[in-house]
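> Predicted model and sequence below, questions to follow.
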Amino acid sequence: MHNTVDNLFQALWDNYLEVTPSAVKVHELLGSTQQNDVINDHIALRTFNHEKIGLEKLAAHFLAVGYKECGEYHFEAKKLYAKHYEHTDPTKPKVFISELLVEKCSQALQSVVNSMIDEIDEAAITADNFLYSGTHWQVSHDTYQALLAESEYAAWMAAWGYRANHFTVSINYLSNFTKITDVNQNLKDAGFELNSAGGEVKGSPEVLLEQSSTLADHHSVLFSDGEFKIPSCFYEFALRYAKPDGELYTGFVAASADKIFESTNAR
Ligand code: OOG
Ligand code: NI
């Protein structure tokens, strides 16, 4: 068991950096002119709704270190379901966990995914390192592409497995930026490509959350038939607004999240 939340996030962060080298540059860009460390608003993980490995199995690792279940979200077109979790300490990152509703997908996809899941050792799921253990199976690049044609999410999972698919800078805690459009301009000036699905800024002050994200880095994966470079993980930026009671909104916005998922689409 991870003794502290911080140890768990450090391990997730180190694992994320292995395939997302641009995250270091993002930190330099946004954090270099302020005294305090960049605070992460949230991270996200992905899985399948299979009973062996549904989102609750991932959530158990966070519940064990003091997280509580909060909101739930439905993504009909992408065939996804998600929940978010919060820690009592608001400076600890929130956690967004989604799962693919496998039974709503084609028979071909179901059989590939079920055979991947069969390869996971039951004991691995409760082991300390599960949330950053990557894949427990091997797929060919052809299989990856077949999955991609039906569900980008399924293809990403087949290639990358269990790991944080993004970290999210909290703009609220940045001392040198207050507007998300300024953060975005800075990133673009530094050469980053942003996810423009649904517009570069997702959400609005009215829904109490504005978000933007980079397009995922490309990193090589060793498939059963060779090495190929494909989209890995990305960085997100979130600005939260106060509710009528004066407290910052802590939930997510399904219409915005729907577009954030597309940050792992190929350029
Ligand atoms: C999660 C996408 C949703 C957000 O902040 O709305 C999300 C994912 O890409 O797995 O992170
Ligand atoms: Ni996110």
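Sure thing, it's come through. Residues are numbered from 1 along each chain as shown. Ligands and ions are numbered 1, 2, ... in the order given.

> show me the contacts for the residue of the stretch 101-250 of the chain found nearest ligand 1.
Nearest residue of the stretch 101-250 of the chain to ligand 1, counting by C-beta to the nearest ligand atom: residue 165, 4.8 Å away. Any C-beta I mention is one placed from the backbone N, CA and C, and that applies to glycine too. Neighbouring residues of residue 165 by C-beta atoms under 8 Å, 6 or more residues apart in numbering: 44-46, 156, 233-234, 264.

> try 10 Å this time
16, 19-20, 43-46, 96, 98, 153, 156-157, 216, 232-234, 236, 260-261, 263-264 (C-beta atoms under 10 Å, 6 or more residues apart in numbering).

> And for residue 221?
19, 134-135, 139, 141, 144, 158-160, 227-230, 232.

> phi, psi of the residue of the stretch 1-150 of the chain found nearest ligand 2?
The nearest approach of the stretch 1-150 of the chain to ligand 2 comes at residue 44, 4.8 Å away (C-beta to the ion). Dihedral angles of residue 44 (phi, psi; degrees, to the nearest 10) stand at phi -140, psi 150.

> The closest residue to it other than its chain neighbours pairs with what?
The shortest distance from residue 44 to any non-neighbouring residue, by C-beta to C-beta, 6 or more residues apart in numbering, is to residue 96 (4.2 Å). Assessed by DSSP bridges, residue 96 has beta-bridge partners residue 44, residue 84.

> What degree of burial does residue 96 show, as a neighbour count?
25 (other C-beta atoms under 10 Å).

> Output the set of residues of the chain in proximity to ligand 1.
44, 46, 96, 98, 165, 211, 236, 252, 256-257, 260-261 (C-beta under 6 Å from any ligand atom).
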